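Asks: Sharing a model that was predicted from the sequence below.
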Amino acid sequence: MEEQMAKIDLSNISHTYNPLDPKPTYALNPFSMTWENGKRYAILGPSGCGKTTMLNIVSGLVRPSKGEILFDEIPVTDLKTEDRNIAQVFQFPVIYNTMTVYDNLAFPLRCREFTKEKIEERVKSVSDTLNLSSFLNSPARKLTADQKQLISLGRGLVREDVAAVLMDEPLTVIDPDLKFRLRRNLKEINEQYKTTLVYVTHDQNEAMTFAENIIVMDQGEIVQVGLPKDLFEKPKTTFVGYFIGSPAMNIFHSTVSSDHEVKINDTTIKTNSNLGNLKDKNVKLGIRSEFIELAEKEKSNTVKIKLTRVEDFGNFKLLTGKMGDLVIKSKVEREKPIPDGELNLYFPPEKCCVYSDEKLV
Amino acid sequence: MSKLYTFLKYFFITFWTVFVVAPFLWAVSTSFKDFQSVNSKVTYIPWLDFEPTLEGWRVLIKSPAKGGVDIVEPYFNSIFVTCTASLISIVLGTLAAYALSRFTFKAGFVRNNDITFFFISQRIMPPIVLSIPFFIFLSTIGLLDSLLGLVVVYIVLLMPIAVWIMVDFFNRVPKELDETALIDGCNPYQAFYKVVLPNSIPGLIVAGMFCIIFGWIDFFFAFILTFTEVQLLPVKVVALNSSITPWWSLSASALVSVAPLIIVAFIVERYLSKGNLSGALK
């Protein structure tokens, strides 16, 4: 089989579901993006942020209100779904109830009139990967929900020539153990066949472990595209800070006091951001609870907090403390002794992110 | 308490069974009686109470010239009209229902739901309202008192049922199924007949059952739109009655009229009890 996977360009795409309204609400605000051939992408965002709309636009189930889609520089915006060479897996298993597992897996190939031998070879290889070999002759409707979802997944992977496999929260119904193994399988498939995989999820761990590139979306807007490390250490907006990481990023209202310093409730915190033209403005200071350190005594860049709660998660302890009415959370090693009452927390300047208008400075 | 409950449960089930089955038993026994055993005194048990005879059944297949009432021809007329009309209604109704379930129609203020309601509204009208228009319509196109005319009228009566049941059924088939078929490379027509239709067999069977029942039992239009050339079974059965009610042949004809529906019920029951009417694919 010839390699037919493609680079996918989304150019100035936007979409609204009520185009005739004088004031249409946009499910997707205008954006442009390129999905490179053979990479793994995760689209991450809360429910209703436009993730599924984006997938449906690529697969052709939804025609974008504006903009153009190109596969390898060839416009496909007006091409119908069945002519687009895209595989899509939905959140809930969709199987052809009246067919056997084998026929289910063979269906996409039969529709495209592959030879019998080719079909057999592909179905065998995919069913081996997904552990479905022993069920090939049973009726698909007799399988359990997660096996059914494997069939849906298999139908997506059975075609070698797809431009991309789009997956819309495909592992929701699958139990955690198998989930982990499948995610690794998907990674292997991607590395072996160089199939572009696009994976929609609202679970950050899934996105972080699966993808090379993560696209974070919120309310129809793409807020940040980047590697897991970037999203974690330098969230571009406070939304990404809240959304990625557990617990969410600590974010405090503060005022800029000098070129590199902000003030939270009279405590001055040094940062590495250049705040020259924001003097005296109200900004937000964000820092991951992972980066906050326990300090033995008061020094520069420490804040004094009153400890209100210590939660032991086994591999770490989560401290919750109050400074005035601000709540601060900090993750510390389990072995560290925690002094009672008041303690000092150190904010490393290179880990402090300053947000003006919710955007990273 | 639970004993009382069990007792009541069995009591009501028994009561209901007797209530439903007794008329049938009565009809079966009466169909083997003659004038004497019906009219002189109450009789129950064949050979002891009365001498069974096949006269009531023979009348049904004897030609009128020999003093019988031939219901064989009306019987086959009824089968032909019911099956043809049901089949056409199911085919057209299913296609209409699929379109109404999957595509969005707009014509002025009319939307999908309005179109569906328009179909169903045909059944809301009392049949008597339709009789005069149908009569004039059929006489204009020269189909009064003909099988074809009856088929046309029955399609009008049965298609709303098919549309109504199938719209509801298709609405419960997730649209992801069609979308998956498209992604797998079907065109919309293939997606319909290769994927959606095989999944809808339970719905089709139920819709078919209702069409057959409503077509088979219709007396009103069969009575109004036919005279001498063509007769359907219900009309013929009613016509059996005369100044001396022939209970024996009436019972026999009632039993043969109900027989096809009982067969249909047994076939359909398998699909109803399996619970795969739900159509959900999850």
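Replies: Cool, the structure landed.
Asks: Tell me how far the closest residue to chain B within the stretch 51-200 of chain A lies from residue A:129.
Replies: Residue of the stretch 51-200 of chain A nearest chain B, by Cβ to the nearest Cβ: residue A:111 (3.4 Å). In this view, the C-beta of every residue, glycine as well, is placed from N, C-alpha and C. According to Cβ to Cβ, to the nearest Å, residue A:111 stands 21 Å off from residue A:129.
Asks: How is the spatially closest residue to the residue of the stretch 51-200 of chain A closest to chain B that is not a sequence neighbour assigned, secondary-structure-wise?
Replies: Computed as Cβ to Cβ, 6 or more residues apart in numbering or on different chains, the closest residue to residue A:111 that is not its neighbour in sequence is residue B:185, at 3.4 Å. Look at residue B:185: counting by DSSP: H, G, I helix; E, B strand; the rest coil, its state is coil.
Asks: Same check on residue B:252?
Replies: Per three-state DSSP, residue B:252 ends up helix.
Asks: Surely it and residue B:60 touch.
Replies: Yes. With contact defined as Cβ atoms under 8 Å, residue B:252 counts as touching residue B:60 (5.8 Å).
Asks: quick one: which of those two has more around it?
Replies: Set residue B:252 next to residue B:60 and count neighbours by other Cβ atoms under 10 Å in any protein chain shown: residue B:252 wins out with 26 against 20.
Asks: helices or strands next to the lengthiest helix in chain A in the packing?
Replies: Determined from DSSP state H, the single longest helix within chain A is helix A:176-193. Secondary-structure packing of helix A:176-193 (3 or more Cβ pairs under 8 Å, 6 or more residues apart in numbering or on different chains; DSSP states H and E): strand A:40-44, helix A:145-157, strand A:197-201, helix A:204-210.
Asks: The longest one vs chain B: in contact?
Replies: Yes. For helix A:145-157 and chain B, the contact criterion (Cβ under 8 Å from any Cβ of the partner chain) is met by A:145, A:152, A:155.
Asks: So what's the model's average confidence on the helix or strand that that helix is followed by?
Replies: Next in sequence after helix A:145-157, counting helices and strands by DSSP states H and E, comes strand A:164-168. Averaged across strand A:164-168, pLDDT comes to 89.
Asks: tell me how far strand A:164-168 is from the chain's mean position?
Replies: Centroid separation between strand A:164-168 and its chain, computed with Cα atoms, centre = their mean, to the nearest Å, is 13 Å.
Asks: can I get the CA coordinates of it in CSV?
Replies: Taking Å, rounded to 0.1, in the frame of the first residue of the first chain, the C-alpha atoms of strand A:164-168 are listed here in CSV:
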residue,chain,number,x,y,z
ALA,A,164,-5.6,10.8,9.9
VAL,A,165,-7.4,8.8,12.6
LEU,A,166,-9.6,11.1,14.6
MET,A,167,-10.7,9.9,18.0
ASP,A,168,-13.3,11.6,20.1
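Asks: Residue B:194 - nearest residue in space that isn't next to it in sequence?
Replies: Closest residue in space to residue B:194, ignoring its immediate chain neighbours: residue B:186 at 6.1 Å, by Cβ to Cβ, 6+ apart.
Asks: I meant residue A:31, not that one.
Replies: Distance criterion Cβ to Cβ, 6+ apart; nearest residue to residue A:31, sequence neighbours excluded, is residue A:222 at 5.1 Å.
Asks: In three-state terms, label that neighbour for me.
Replies: Residue A:222 ends up strand, using three-state DSSP.
Asks: That one: how many residues sit nearby?
Replies: Neighbours of residue A:222 (other Cβ under 10 Å): 19.
Asks: same deal with residue B:42?
Replies: A count of nearby residues for residue B:42, using other Cβ under 10 Å, gives 7.
Asks: pLDDT value on it, please?
Replies: We have a pLDDT of 77 for residue B:42.
Asks: Just give me how far stretch A:54-73 sits from the chain centre.
Replies: 20 Å.
Asks: Would you enumerate the residues in contact with residue 249?
Replies: Using chain A here. Listed by Cβ atoms under 8 Å, 6 or more residues apart in numbering or on different chains, the contact partners of residue A:249 are A:235, A:238, A:241, A:242, A:286, A:287, A:288, A:289, A:353.
Asks: Wait, chain B was what I had in mind.
Replies: By Cβ under 8 Å, 6+ apart, the contact set of residue B:249 is B:31, B:55, B:56, B:57, B:59, B:60, B:69, B:240.
Asks: ok, the residue nearest to residue A:111 touching residue A:106?
Replies: No. The pair residue B:185 / residue A:106 is not scored as a contact, 11.7 Å apart, by Cβ under 8 Å.
Asks: Touching both of the two, which residues are there?
Replies: Counting by Cβ under 8 Å, 6+ apart, no residue touches both residue B:185 and residue A:106.
Asks: Residue A:286: neighbour count?
Replies: Neighbours of residue A:286 (other Cβ under 10 Å): 24.
Asks: And for residue A:124?
Replies: By other Cβ under 10 Å, 14 other residues sit near residue A:124.
Asks: now swap in residue A:259 and tell me
Replies: Residue A:259 has 13 neighbouring residues, counting by other Cβ under 10 Å.
Asks: List the contacts of it.
Replies: Contacts of residue A:259 by Cβ under 8 Å, 6+ apart are A:274, A:275, A:276.
Asks: gap between the second one and chain B?
Replies: Looking back up the chat, that one is residue A:275. Applying Cβ to the nearest Cβ, to the nearest Å, the value for residue A:275 to chain B is 50 Å.
Asks: thought that residue was touching residue A:263?
Replies: No. With contacts counted by Cβ under 8 Å, residue A:275 stays clear of residue A:263, the gap being 11.2 Å.
Asks: anything in contact with each of these two?
Replies: Shared contacts of residue A:275 and residue A:263, defined by Cβ under 8 Å, 6+ apart, comprise residue A:256.
Asks: which bits of the stretch 101-250 of chain B sit near chain A?
Replies: Counting by Cβ under 8 Å from any Cβ, the stretch 101-250 of chain B comes close to chain A at B:174, B:176-177, B:179-180, B:182-187, B:190, B:195, B:198-199, B:201.
Asks: ok, back up a step: tell me which residues in the longest helix of chain A are buried?
Replies: Buried residues in helix A:176-193, counted by 16 or more other Cβ atoms under 10 Å in any protein chain shown: A:178, A:179, A:182, A:183, A:185, A:186, A:187, A:189, A:190, A:193.
Asks: Over to stretch A:19-33?
Replies: Across stretch A:19-33, burial judged by 16+ other Cβ under 10 Å covers A:26, A:27, A:28, A:30, A:31.
Asks: contact partners of the worst-scoring helix or strand of chain A on mean pLDDT?
Replies: Least confident helix or strand of chain A, by mean pLDDT, DSSP states H and E, is helix A:176-193 with a mean of 82. By Cβ under 8 Å, 6+ apart, the surrounding residues in contact with helix A:176-193 are A:38, A:40, A:129-130, A:146, A:150, A:153, A:157, A:160, A:171, A:174, A:195-197, A:199, A:206, A:209-210.
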